[in-house]
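Visitor: Curious how this folds, go ahead:
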Amino acid sequence: MSKTYKATGINLKAQALGESDRLVTILTPEFGLIRAVAPGSRKHNSSLGGRSAMFVVNELLIAKGRSLDKITQAQTIKSYPGLARNLGKLAASQYLAEIVLSVALSEQPQEEIYELLNEHLNRLEVLESAETLNVLAHLAHGVFHLLALAGLTPQVQVCCITGRSLIPDFTDPTWQVGFSIPTGGTICLSAWERLKEEKRKQQSFPSFPPHHPSSTTSSTIPATVKEKPANYQTIIHRQEIPVISSRLNATELAILQHLSQPEIIQDLTRNDGWLSVEQVLRFYAQYHIGRPIRSAALIDSYLAANHDATV
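Guide: The predicted structure follows:
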(Lines give C-alpha, C1' and ligand atoms only; values in the text may rest on other atoms or scores of the structure.)
Protein backbone atom coordinates (compact mmCIF):
# COMPACT_ATOMS: atom_id res chain seq x y z
CA MET A 1 0.00 0.00 0.00
CA SER A 2 1.06 3.58 -0.57
CA LYS A 3 0.86 6.28 2.10
CA THR A 4 -2.85 6.65 1.33
CA TYR A 5 -5.23 4.09 -0.09
CA LYS A 6 -8.86 3.79 -1.09
CA ALA A 7 -11.24 1.14 0.19
CA THR A 8 -14.95 0.39 0.39
CA GLY A 9 -15.99 -0.97 3.75
CA ILE A 10 -18.75 -1.65 6.24
CA ASN A 11 -18.27 -0.70 9.89
CA LEU A 12 -18.51 -3.71 12.21
CA LYS A 13 -17.15 -2.34 15.46
CA ALA A 14 -16.46 1.08 16.95
CA GLN A 15 -14.89 2.07 20.24
CA ALA A 16 -13.99 5.36 21.85
CA LEU A 17 -10.41 6.51 21.45
CA GLY A 18 -9.00 9.53 23.22
CA GLU A 19 -11.25 12.52 23.85
CA SER A 20 -13.17 12.68 20.57
CA ASP A 21 -11.97 9.92 18.21
CA ARG A 22 -13.28 6.47 17.40
CA LEU A 23 -11.35 3.35 16.48
CA VAL A 24 -13.40 1.59 13.80
CA THR A 25 -13.03 -2.00 12.61
CA ILE A 26 -14.08 -2.17 8.98
CA LEU A 27 -14.64 -5.10 6.64
CA THR A 28 -13.45 -4.30 3.13
CA PRO A 29 -13.54 -6.52 0.05
CA GLU A 30 -10.11 -5.27 -1.02
CA PHE A 31 -8.05 -5.61 2.19
CA GLY A 32 -10.18 -7.67 4.56
CA LEU A 33 -10.48 -6.36 8.10
CA ILE A 34 -8.82 -3.03 8.79
CA ARG A 35 -8.74 -0.87 11.93
CA ALA A 36 -8.65 2.87 11.42
CA VAL A 37 -9.11 5.98 13.51
CA ALA A 38 -12.03 8.25 12.68
CA PRO A 39 -10.62 11.54 14.05
CA GLY A 40 -13.07 13.82 15.85
CA SER A 41 -16.01 11.53 15.03
CA ARG A 42 -17.44 11.78 18.53
CA LYS A 43 -17.90 15.54 18.24
CA HIS A 44 -21.50 16.54 17.58
CA ASN A 45 -20.66 18.45 14.39
CA SER A 46 -18.18 15.95 12.94
CA SER A 47 -18.68 14.86 9.33
CA LEU A 48 -17.35 11.42 10.34
CA GLY A 49 -19.87 10.99 13.18
CA GLY A 50 -22.62 9.20 11.29
CA ARG A 51 -20.16 7.68 8.83
CA SER A 52 -18.40 5.80 11.62
CA ALA A 53 -21.60 4.25 12.98
CA MET A 54 -22.33 0.52 12.90
CA PHE A 55 -23.32 -1.07 9.57
CA VAL A 56 -22.61 2.04 7.50
CA VAL A 57 -20.91 1.35 4.16
CA ASN A 58 -18.46 4.03 3.05
CA GLU A 59 -16.05 4.75 0.28
CA LEU A 60 -12.92 5.64 2.23
CA LEU A 61 -9.63 7.40 1.77
CA ILE A 62 -7.26 6.18 4.47
CA ALA A 63 -3.79 7.38 5.43
CA LYS A 64 -1.27 4.81 6.55
CA GLY A 65 0.11 5.33 10.05
CA ARG A 66 2.89 3.79 12.08
CA SER A 67 0.53 1.98 14.41
CA LEU A 68 -2.97 2.92 13.29
CA ASP A 69 -4.35 4.07 9.98
CA LYS A 70 -6.49 7.22 9.83
CA ILE A 71 -9.65 7.91 7.87
CA THR A 72 -9.19 11.18 5.99
CA GLN A 73 -12.32 11.06 3.80
CA ALA A 74 -15.53 9.04 3.91
CA GLN A 75 -18.51 9.03 1.58
CA THR A 76 -21.50 6.94 2.63
CA ILE A 77 -22.90 4.73 -0.13
CA LYS A 78 -25.26 2.56 1.94
CA SER A 79 -26.62 2.20 5.45
CA TYR A 80 -29.11 -0.02 7.25
CA PRO A 81 -31.25 2.30 9.38
CA GLY A 82 -34.03 -0.29 9.66
CA LEU A 83 -31.85 -2.57 11.77
CA ALA A 84 -31.81 -0.14 14.70
CA ARG A 85 -35.61 0.15 14.76
CA ASN A 86 -36.16 -3.41 15.97
CA LEU A 87 -34.31 -5.13 18.83
CA GLY A 88 -34.45 -8.52 17.14
CA LYS A 89 -33.03 -7.26 13.84
CA LEU A 90 -30.31 -5.27 15.61
CA ALA A 91 -29.30 -8.20 17.83
CA ALA A 92 -29.21 -10.57 14.86
CA SER A 93 -27.08 -8.13 12.86
CA GLN A 94 -24.57 -7.69 15.68
CA TYR A 95 -24.49 -11.48 16.09
CA LEU A 96 -23.53 -11.89 12.40
CA ALA A 97 -20.96 -9.10 12.71
CA GLU A 98 -19.28 -10.88 15.62
CA ILE A 99 -18.89 -14.04 13.58
CA VAL A 100 -17.43 -12.07 10.69
CA LEU A 101 -14.94 -10.39 13.03
CA SER A 102 -13.84 -13.86 14.15
CA VAL A 103 -13.49 -15.53 10.76
CA ALA A 104 -12.52 -12.73 8.33
CA LEU A 105 -8.83 -12.11 7.64
CA SER A 106 -6.76 -8.93 7.58
CA GLU A 107 -4.53 -7.82 4.71
CA GLN A 108 -6.23 -10.25 2.34
CA PRO A 109 -9.16 -9.75 -0.04
CA GLN A 110 -12.46 -10.78 1.59
CA GLU A 111 -14.90 -10.06 -1.20
CA GLU A 112 -17.10 -13.14 -0.68
CA ILE A 113 -17.64 -12.62 3.02
CA TYR A 114 -18.18 -8.89 2.45
CA GLU A 115 -20.92 -9.57 -0.13
CA LEU A 116 -22.48 -12.32 1.99
CA LEU A 117 -22.71 -10.16 5.11
CA ASN A 118 -24.29 -7.28 3.22
CA GLU A 119 -26.76 -9.67 1.62
CA HIS A 120 -27.92 -11.03 4.98
CA LEU A 121 -28.06 -7.59 6.58
CA ASN A 122 -30.25 -6.44 3.73
CA ARG A 123 -32.54 -9.45 4.19
CA LEU A 124 -32.91 -8.66 7.87
CA GLU A 125 -33.64 -4.98 7.22
CA VAL A 126 -36.37 -5.59 4.63
CA LEU A 127 -37.96 -8.35 6.69
CA GLU A 128 -41.59 -7.27 6.85
CA SER A 129 -42.59 -9.40 9.77
CA ALA A 130 -40.16 -9.00 12.65
CA GLU A 131 -41.74 -11.86 14.60
CA THR A 132 -39.34 -13.90 16.67
CA LEU A 133 -39.30 -16.98 14.45
CA ASN A 134 -38.70 -14.90 11.33
CA VAL A 135 -35.73 -13.15 12.91
CA LEU A 136 -34.32 -16.44 14.22
CA ALA A 137 -34.74 -18.06 10.81
CA HIS A 138 -32.81 -15.31 9.04
CA LEU A 139 -30.17 -15.26 11.77
CA ALA A 140 -29.59 -19.02 11.56
CA HIS A 141 -29.49 -18.82 7.76
CA GLY A 142 -26.81 -16.14 7.91
CA VAL A 143 -24.76 -17.95 10.56
CA PHE A 144 -24.77 -21.17 8.56
CA HIS A 145 -23.64 -19.40 5.37
CA LEU A 146 -20.86 -17.51 7.15
CA LEU A 147 -19.57 -20.70 8.78
CA ALA A 148 -19.67 -22.46 5.42
CA LEU A 149 -17.67 -19.69 3.77
CA ALA A 150 -15.09 -19.93 6.57
CA GLY A 151 -14.76 -23.68 6.01
CA LEU A 152 -16.57 -24.55 9.23
CA THR A 153 -19.74 -26.09 7.81
CA PRO A 154 -21.37 -28.54 10.21
CA GLN A 155 -22.13 -31.92 8.65
CA VAL A 156 -25.91 -32.26 8.67
CA GLN A 157 -26.62 -34.43 5.63
CA VAL A 158 -24.90 -37.66 6.73
CA CYS A 159 -23.93 -39.43 9.95
CA CYS A 160 -20.41 -38.56 11.10
CA ILE A 161 -19.93 -42.19 12.25
CA THR A 162 -21.26 -44.21 9.32
CA GLY A 163 -21.22 -41.68 6.48
CA ARG A 164 -24.78 -42.69 5.57
CA SER A 165 -27.42 -40.15 4.59
CA LEU A 166 -29.79 -39.00 7.32
CA ILE A 167 -33.44 -38.69 6.31
CA PRO A 168 -35.79 -37.17 8.91
CA ASP A 169 -38.67 -39.49 9.82
CA PHE A 170 -41.73 -37.30 10.27
CA THR A 171 -43.97 -40.33 10.87
CA ASP A 172 -42.29 -41.15 14.19
CA PRO A 173 -42.80 -38.45 16.85
CA THR A 174 -39.97 -39.94 18.94
CA TRP A 175 -37.41 -39.98 16.10
CA GLN A 176 -34.20 -38.14 16.95
CA VAL A 177 -30.68 -37.63 15.70
CA GLY A 178 -27.67 -36.58 17.73
CA PHE A 179 -25.50 -33.53 17.09
CA SER A 180 -21.89 -33.57 18.21
CA ILE A 181 -20.13 -30.21 18.35
CA PRO A 182 -16.57 -31.62 18.76
CA THR A 183 -17.13 -34.17 15.99
CA GLY A 184 -18.60 -31.53 13.71
CA GLY A 185 -22.11 -32.64 12.89
CA THR A 186 -24.97 -35.11 13.07
CA ILE A 187 -24.78 -38.60 14.57
CA CYS A 188 -27.15 -41.51 13.97
CA LEU A 189 -28.14 -42.50 17.49
CA SER A 190 -28.44 -46.23 16.68
CA ALA A 191 -24.90 -46.22 15.25
CA TRP A 192 -23.75 -44.30 18.32
CA GLU A 193 -25.31 -46.89 20.65
CA ARG A 194 -23.64 -49.73 18.71
CA LEU A 195 -20.29 -47.98 18.99
CA LYS A 196 -20.78 -47.59 22.74
CA GLU A 197 -21.61 -51.29 23.05
CA GLU A 198 -18.51 -52.29 21.10
CA LYS A 199 -16.42 -50.06 23.32
CA ARG A 200 -17.94 -51.64 26.42
CA LYS A 201 -17.13 -55.14 25.15
CA GLN A 202 -13.55 -54.15 24.40
CA GLN A 203 -13.16 -52.88 27.94
CA SER A 204 -14.78 -56.02 29.41
CA PHE A 205 -12.56 -58.44 27.48
CA PRO A 206 -9.10 -56.91 27.20
CA SER A 207 -6.52 -58.51 24.97
CA PHE A 208 -3.45 -59.84 26.78
CA PRO A 209 0.10 -58.97 25.79
CA PRO A 210 2.36 -61.83 24.60
CA HIS A 211 4.18 -62.10 27.95
CA HIS A 212 0.95 -62.33 29.99
CA PRO A 213 0.37 -65.74 31.67
CA SER A 214 -3.01 -66.05 29.98
CA SER A 215 -1.53 -65.63 26.53
CA THR A 216 -0.06 -68.47 24.47
CA THR A 217 3.73 -68.37 24.24
CA SER A 218 6.14 -70.05 21.89
CA SER A 219 7.27 -72.46 24.66
CA THR A 220 3.83 -74.16 24.79
CA ILE A 221 3.65 -74.84 21.06
CA PRO A 222 6.25 -77.02 19.37
CA ALA A 223 7.92 -75.20 16.55
CA THR A 224 7.81 -77.12 13.29
CA VAL A 225 8.74 -74.33 10.93
CA LYS A 226 11.25 -71.62 11.64
CA GLU A 227 9.36 -68.36 11.24
CA LYS A 228 10.98 -65.31 9.75
CA PRO A 229 10.76 -62.16 11.83
CA ALA A 230 8.03 -59.86 10.62
CA ASN A 231 9.19 -56.57 9.11
CA TYR A 232 5.93 -54.77 9.72
CA GLN A 233 3.75 -53.77 12.65
CA THR A 234 -0.01 -54.06 12.88
CA ILE A 235 -1.71 -50.96 14.30
CA ILE A 236 -5.32 -51.17 15.45
CA HIS A 237 -7.28 -47.91 15.46
CA ARG A 238 -10.20 -47.79 17.86
CA GLN A 239 -12.90 -45.28 16.99
CA GLU A 240 -13.63 -42.84 19.77
CA ILE A 241 -17.19 -42.39 20.94
CA PRO A 242 -18.45 -38.93 19.88
CA VAL A 243 -19.90 -36.64 22.54
CA ILE A 244 -23.57 -35.92 21.85
CA SER A 245 -24.05 -32.21 22.48
CA SER A 246 -27.79 -32.14 21.73
CA ARG A 247 -30.58 -34.15 20.14
CA LEU A 248 -32.73 -32.95 17.26
CA ASN A 249 -36.14 -34.12 16.11
CA ALA A 250 -37.10 -34.63 12.48
CA THR A 251 -38.24 -31.04 11.94
CA GLU A 252 -35.12 -29.53 13.47
CA LEU A 253 -32.85 -31.72 11.34
CA ALA A 254 -34.85 -30.80 8.22
CA ILE A 255 -34.33 -27.11 9.00
CA LEU A 256 -30.58 -27.61 9.40
CA GLN A 257 -30.40 -29.54 6.14
CA HIS A 258 -32.20 -26.74 4.27
CA LEU A 259 -29.93 -23.97 5.56
CA SER A 260 -27.39 -24.62 2.82
CA GLN A 261 -29.91 -23.30 0.29
CA PRO A 262 -29.52 -19.67 -0.87
CA GLU A 263 -33.04 -18.77 0.24
CA ILE A 264 -35.06 -19.69 3.30
CA ILE A 265 -38.00 -21.96 2.58
CA GLN A 266 -40.93 -19.87 3.77
CA ASP A 267 -42.86 -22.85 5.16
CA LEU A 268 -40.03 -23.44 7.62
CA THR A 269 -40.05 -19.92 9.05
CA ARG A 270 -43.32 -20.63 10.82
CA ASN A 271 -41.88 -23.59 12.73
CA ASP A 272 -40.73 -23.36 16.35
CA GLY A 273 -37.79 -25.66 15.55
CA TRP A 274 -35.76 -22.51 14.90
CA LEU A 275 -35.27 -22.10 18.66
CA SER A 276 -33.27 -25.33 18.88
CA VAL A 277 -31.50 -24.74 15.56
CA GLU A 278 -30.22 -21.33 16.65
CA GLN A 279 -28.94 -22.81 19.91
CA VAL A 280 -27.13 -25.63 18.08
CA LEU A 281 -25.49 -23.22 15.63
CA ARG A 282 -24.62 -20.77 18.43
CA PHE A 283 -22.69 -23.33 20.49
CA TYR A 284 -21.16 -24.86 17.37
CA ALA A 285 -19.91 -21.45 16.20
CA GLN A 286 -18.57 -20.52 19.65
CA TYR A 287 -16.69 -23.81 19.88
CA HIS A 288 -15.03 -23.42 16.48
CA ILE A 289 -14.23 -19.70 16.64
CA GLY A 290 -12.96 -20.09 20.19
CA ARG A 291 -14.89 -17.28 21.84
CA PRO A 292 -18.41 -16.53 23.12
CA ILE A 293 -20.84 -14.57 20.96
CA ARG A 294 -21.71 -11.66 23.23
CA SER A 295 -24.62 -10.52 21.07
CA ALA A 296 -26.33 -13.83 21.79
CA ALA A 297 -27.39 -12.31 25.12
CA LEU A 298 -29.37 -9.70 23.15
CA ILE A 299 -31.09 -12.47 21.22
CA ASP A 300 -32.00 -14.17 24.50
CA SER A 301 -33.42 -10.89 25.83
CA TYR A 302 -35.41 -10.46 22.63
CA LEU A 303 -36.83 -13.99 22.96
CA ALA A 304 -37.70 -13.47 26.60
CA ALA A 305 -39.54 -10.22 25.79
CA ASN A 306 -41.77 -11.87 23.20
CA HIS A 307 -44.74 -14.04 24.04
CA ASP A 308 -44.52 -16.27 21.00
CA ALA A 309 -41.17 -17.81 22.03
CA THR A 310 -39.24 -18.57 25.15
CA VAL A 311 -35.58 -19.32 25.67
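Visitor: Report the residue spans of the stretch 201-311 of the chain with pLDDT below the cut-off.
Guide: Along the stretch 201-311 of the chain, the model assigns pLDDT under 70 to residues 205-239, 307-311.
Visitor: Provide a complete list of residue ranges assigned to helices in it.
Guide: Here the stretch 201-311 of the chain has its helices, by DSSP state H, counting those that start in this stretch, at 250-258, 274-289, 296-305.
Visitor: Reformat these as CSV; add mean neighbour count and distance to Val126.
Guide: Placement of C-beta: from N, CA and C, glycine included. Below are the helices of the stretch 201-311 of the chain laid out as CSV (neighbours: other Cβ atoms under 10 Å; distance: least, Cβ to Cβ, whole Å):
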stretch, mean neighbour count, distance to Val126
helix 250-258, 21, 21
helix 274-289, 20, 19
helix 296-305, 16, 19
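Visitor: show me where the stretch 1-150 of the chain has helices.
Guide: Under DSSP H, counting those that start in this stretch, the stretch 1-150 of the chain gives helices at 87-103, 111-125, 132-149.
Visitor: Export those helices to TSV and append columns for mean neighbour count and mean pLDDT.
Guide: As requested, those are exported to TSV (neighbours: other Cβ atoms under 10 Å; pLDDT from 0 to 100):
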stretch	mean neighbour count	mean pLDDT
helix 87-103	22	97
helix 111-125	18	97
helix 132-149	22	95
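Visitor: Need those in JSON lines (columns: distance to Phe55).
Guide: Formatted as JSON lines, these follow (distance: least, Cβ to Cβ, whole Å):
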{"stretch": "helix 87-103", "distance to Phe55": "6"}
{"stretch": "helix 111-125", "distance to Phe55": "6"}
{"stretch": "helix 132-149", "distance to Phe55": "13"}
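Visitor: Determine which of those approaches Asn58 most closely.
Guide: Proximity to Asn58 (Cβ to Cβ) singles out helix 111-125 among the helices of the stretch 1-150 of the chain, at 12.9 Å.
Visitor: The longest strand along the chain vs helix 111-125, what angle?
Guide: Counting residues, the longest strand found in the chain (DSSP state E) is strand 4-17. Strand 4-17 runs at 50 degrees relative to helix 111-125, counting by axes from the mean of the first three to the mean of the last three Cα atoms, to 10 degrees.
Visitor: what's the offset of strand 4-17 from the middle of its chain?
Guide: Distance of strand 4-17 from its chain centroid, counting by Cα atoms, centre = their mean, to the nearest Å, is 24 Å.
Visitor: Tell me which strands it pairs with, and in which orientation.
Guide: Looking at strand 4-17 with DSSP bridges, its partner strands are strand 21-28 (antiparallel), strand 57-63 (antiparallel).
Visitor: Take these and lay them out in TSV including mean pLDDT.
Guide: Output for the strands paired with strand 4-17, formatted as TSV (pLDDT from 0 to 100):
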stretch	mean pLDDT
strand 21-28	98
strand 57-63	97
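Visitor: any idea which of these is most buried?
Guide: The densest packing among those, expressed as mean neighbour count by mean count of other Cβ atoms under 10 Å, is seen in strand 21-28 with a mean of 23.
Visitor: To Asn58, which of the helices of the stretch 201-311 of the chain lies closest?
Guide: helix 296-305 (25.0 Å).
Visitor: if we can go back for a sec, tell me the angle of the longest strand of the chain relative to helix 87-103?
Guide: Angle of strand 4-17 versus helix 87-103, following the same axes, to 10 degrees, is 120 degrees.
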